[in-house]
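Enquirer: Need coordinates for the following:
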Amino acid sequence: MSPSPLAVLTAAGSGTRLGCDGPKALVNVAGAPMVLRAARALAAAGVRGIVVTAPADRLDAFRALFPDERLPGGDAARVRVVAGSPRSRQASVALGCRALDALARELGEELTDDTTVLVHDAARCLTPVDAIRRVVDAVVPARPAVVPAIPVVDTLARIDPDLAADGPRPILGPADRRELIAVQTPQGFSWRVLRRAHEAGAGRSVSDATAATDDAGLVAALGIRVEAVAGDPLALKVTTPLDLDLATLLADRAR
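Expert: Sure, this is the predicted structure:
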């Protein structure tokens, strides 16, 4: 029998672009903090152990959401809150990964090379349970890296990234959106592949300027193929006040 999936839930973001006073993941969406909504969806999809990476100075606030390291309401999932890193998301995920082995043992399981580990963003708090299950079901030894994604609907164009963004910039040419997708989370990996990717890319995690923007990028850098399954428009990432307004309006549909 395959070991139960585990997850690292990133929640160490400051929320600067959201304009909130405190960690973004503690902001309520329709009455529930984003991190709690995201954790509940992971548990409903069959994840038994969740490591939440939170700002080091707000650990008590996050732990208060998960009394006795459990989800409120009697759910069997175990939730461990650990300090993330102020350096980058990549560094925070690496710290979360370090806590997985002990959490698995407390659940009576072993963290093996073939254990499926999800990496999810608390800011994608409306991700439907079915979308998470699609990722979990797709991760197998022959397919050790899977991301959810949706088609790109906007017209896209290329520009020179070195030009200042505060004025008109020439368009270098069109991008074919048929070849592009918008990648979401949770991303799923075999533990062997995720561990190798973070070990190999550790030097990049020192700052956001050099860090990978997601874990699939670290895996791809190893030459390992990453495959996509259908994501969901509800898995939008809450980054700005407009995103928060939209997520609040959509919260009922995501239940």
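
Enquirer: Could you use CA atoms for every contact and neighbour count after this?
Expert: Noted.

Enquirer: Could you export the longest helix along the chain as PDB, CA atoms only?
Expert: The residue-count maximum for a helix in the chain (DSSP state H) belongs to helix 241-254. Coordinates of each C-alpha in helix 241-254 appear next as PDB, following Å, rounded to 0.1, in the frame of the first residue of the first chain:
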ATOM      1  CA  PRO A 241      -6.500  43.700  -2.900                       C
ATOM      2  CA  LEU A 242      -8.400  43.000  -6.100                       C
ATOM      3  CA  ASP A 243      -7.500  39.300  -5.800                       C
ATOM      4  CA  LEU A 244      -8.800  39.300  -2.300                       C
ATOM      5  CA  ASP A 245     -12.100  40.900  -3.300                       C
ATOM      6  CA  LEU A 246     -12.500  38.300  -6.100                       C
ATOM      7  CA  ALA A 247     -11.700  35.400  -3.800                       C
ATOM      8  CA  THR A 248     -14.200  36.600  -1.300                       C
ATOM      9  CA  LEU A 249     -16.900  36.700  -4.000                       C
ATOM     10  CA  LEU A 250     -16.000  33.200  -5.200                       C
ATOM     11  CA  ALA A 251     -15.600  31.500  -1.800                       C
ATOM     12  CA  ASP A 252     -19.100  30.000  -1.800                       C
ATOM     13  CA  ARG A 253     -18.500  28.400  -5.200                       C
ATOM     14  CA  ALA A 254     -15.300  26.800  -3.900                       C
END
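
Enquirer: what separates it from the chain centre, distance-wise?
Expert: Centroid separation for helix 241-254 versus its chain: 18 Å, with CA atoms, centre = their mean, to the nearest Å.

Enquirer: Show me what counts as buried in that helix.
Expert: L244, A247, A251 (16 or more other CA atoms under 10 Å).

Enquirer: low pLDDT regions in the stretch 101-250 of the chain?
Expert: 164 (pLDDT under 70).

Enquirer: quick one, helices of it?
Expert: 129-138, 191-200, 215-221, 241-254 (DSSP state H, counting those that start in this stretch).

Enquirer: Go through those helices and name the closest to V51.
Expert: Using CA to CA as the measure, helix 191-200 is the one of those that comes nearest V51, at 14.3 Å.

Enquirer: For the closest one, give me every contacting residue.
Expert: Contacting residues not belonging to helix 191-200 are listed as 94, 97, 111-117, 144-145, 215, 218-219, 221-222 [CA atoms under 8 Å, 6 or more residues apart in numbering].

Enquirer: Only the buried subset of those residues, as a ChimeraX command please.
Expert: Restricted to buried positions by 16+ other CA under 10 Å, the ChimeraX selection for the contacts of helix 191-200 reads:
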select :94,97,111,114,115,116,117,144,145,215,218,219
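
Enquirer: Widest-spaced pair of the contacts of helix 191-200?
Expert: Of all the pairs that those form, the one spanning the most space (CA to CA) is L111 and A221, at 23.7 Å.
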